[in-house]
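Asker: got a predicted structure here, sequence first:
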Amino acid sequence: MMQPVGIHHITALSGDPQATLDFYAGVLGLRLTKRTVNHDDPGTYHLYFSNQAAEVGTHLTFFPQSNAPRGKRGGGQVGDVVFAVPPRSMAFWKRRLIEHGTKYHVEQRLGESVLWFKDSFGLSLGIVERDVEGGNAWDGIVESQYAITGIAFATLLSMFPDHSKQHLKRTFGFKLEDSDAAFYRLNGTVETGGELHLSRTVHGRGIEGAGTVHHIAFRAANDDHQREILHALDGQNYRTTQIIDRTYFRSVYYRECGFILFEVATDGPGFTVDEAFDQLGAKLTLPAHLEKKRQRIQSALRSLEIQKGYLEKPSQP
Ligand code: ZN
């Protein structure tokens, strides 16, 4: 069986949690699929946004912190997250962004028209039309005929682009499919989340903070596949973290040769380990070791107002 080569999820930093929720679920119409905390910092939410089926490759997640200092997009980071929308829905999205006071501009990238915009914290986002099989059945805030189907591609801003290109090919099996003077296009094996644009420009080092991407996770089909990837990393003298149980997947982290924080995450066990599929995101879920501190954690977090259409079923207290 062909191993999935592609993005598992992307995690970014933002400011106010409610504003984050209202933009990604309320304006962009994604499904809130998990409301948990940053396992390494339980005072901070970890919010997951996905397609209706909550599929790997469609997750954009956030660590929102009110009053977090703004970061600076730059080298050693993922620079843009670009969503796929169904063909002939660009006019809808232009209208929708304008209605919500979000400015955009259209610019070509590797022969494709991209609608570029930012969230209110400065994170660089885009929308491209892609004919994705099955689409996204989520009739949340945005009707499913226009709904974002997942991540079309992410832009990597490496401090050493050619080294990063080799590393992505050798470690994960991405293939160089196209390039121009500014970007390499690398493709994996999956339709959603299977594309990376690697900037050929060496950017000055970025600064971590609100409006920047924290890390990008790549898919490991299962524990065996993850071990294979770890073996490949070992062969390149990379030092990774231990395998960490993130409840919904098992992860290792390391900084690749272009200084971008990479994660290798297993596809399973998935989001339904602690919530029914139709209840995803309806309550604050905590990993087992934090469950005994639930009351303290919950009272320290600002409560979120969940609008109709953010979840499949109404929110629970
Ligand atoms: Zn992650």
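Answerer: Yes, it's here.

Asker: list the contacts of Ile10.
Answerer: Residues near Ile10 by Cβ atoms under 8 Å, 6 or more residues apart in numbering: His59, Leu60, Thr61, Val78, Val81, Ile151, Ala154, Val213, His215, Ile216, Ala217. Heads up, the C-betas are built off the backbone N, CA and C, glycines and all.

Asker: ok, and of those residues, which contact the ion?
Answerer: Intersecting the contacts of Ile10 with the contacts of the ion gives Ala217 (criterion: Cβ under 5 Å from the ion).

Asker: ok, the contacts of Ile10 vs Leu28, which is closest?
Answerer: Taking Cβ to Cβ as the measure, Leu28 sits nearest to Leu60 out of those, at 9.1 Å.

Asker: how many neighbours does that closest one have?
Answerer: Under the neighbour criterion other Cβ atoms under 10 Å, Leu60 is assigned a count of 25.

Asker: what's the helix or strand for it?
Answerer: Element membership for Leu60, per DSSP states H and E: strand 59-64.

Asker: following that strand, which helix or strand comes up?
Answerer: Past strand 59-64, further along toward the C-terminus, the next helix or strand under DSSP H and E is strand 77-85.

Asker: centre of the chain to that following strand, how far?
Answerer: 8 Å (Cα atoms, centre = their mean, to the nearest Å).

Asker: now the angle from whatever helix or strand comes next after that strand to strand 77-85?
Answerer: Sequence order places helix 90-99 as the next helix or strand after strand 77-85, per DSSP H and E. Computed with axes from the mean of the first three to the mean of the last three Cα atoms, to 10 degrees, the direction of helix 90-99 lies at 120 degrees from that of strand 77-85.

Asker: what does the stretch 101-250 of the chain put close to the ion?
Answerer: Ala217.

Asker: flag every buried residue along stretch 135-151.
Answerer: Along stretch 135-151, these residues count as buried under the neighbour rule (16 or more other Cβ atoms under 10 Å): 135-136, 138, 140-142, 144, 146-151.

Asker: repeat for stretch 85-104
Answerer: Under the neighbour-count criterion of 16+ other Cβ under 10 Å, stretch 85-104 has Val85, Pro86, Ser89, Met90, Trp93, Arg96, Leu97, Thr102, Tyr104 buried.

Asker: from what I can see the first one touches Trp93, true?
Answerer: Think Val85. Yes. When contacts are counted by Cβ atoms under 8 Å, Val85 is listed as touching Trp93 (6.1 Å).

Asker: hmm, back to that, what's the most distant pair in the buried residues of stretch 135-151?
Answerer: Pairwise over the buried residues of stretch 135-151, using Cβ to Cβ, the maximum falls at Ile141 and Ile151, 18.8 Å.

Asker: give me the low-pLDDT residue ranges for the stretch 1-150 of the chain?
Answerer: Under the criterion pLDDT under 70, the flagged ranges of the stretch 1-150 of the chain are 1.

Asker: what about the strands in it?
Answerer: For the stretch 1-150 of the chain, the strands identified by DSSP state E, counting those that start in this stretch occupy 7-14, 31-38, 41-50, 59-64, 77-85, 104-109, 112-118, 124-129, 150-157, in order along the chain.

Asker: which residues sit in contact with the residue nearest to Trp116 when sequence neighbours are not counted?
Answerer: If you skip the residues right next to it in sequence, Trp116 has Gly126 as its closest partner in space, 5.1 Å away by Cβ to Cβ, 6 or more residues apart in numbering. When the contact criterion is Cβ under 8 Å, 6+ apart, the partners of Gly126 are Asp80, Val81, Val82, Phe83, Arg109, Val114, Leu115, Trp116, Phe117, Ala152.

Asker: how about a cut-off of 10 Å?
Answerer: Counting by Cβ atoms under 10 Å, 6 or more residues apart in numbering, Gly126 makes contact with 80-84, 104, 106-107, 109, 112-118, 152-155.

Asker: Tyr238 too?
Answerer: Applying Cβ under 10 Å, 6+ apart to Tyr238 gives the contacts His167, Thr171, Leu230, Ala232, Val252, Tyr254, Arg255, Glu256, Cys257, Phe262.

Asker: cool, and Pro287?
Answerer: Thr36, Val37, His39, Pro42, Asp245, Arg246, Thr247, Tyr248, Asp274.

Asker: ok, Phe183 touching Ala154?
Answerer: No. No contact is recorded between Phe183 and Ala154 when judged using Cβ atoms under 10 Å, the distance being 11.8 Å.

Asker: that'll do, ta.
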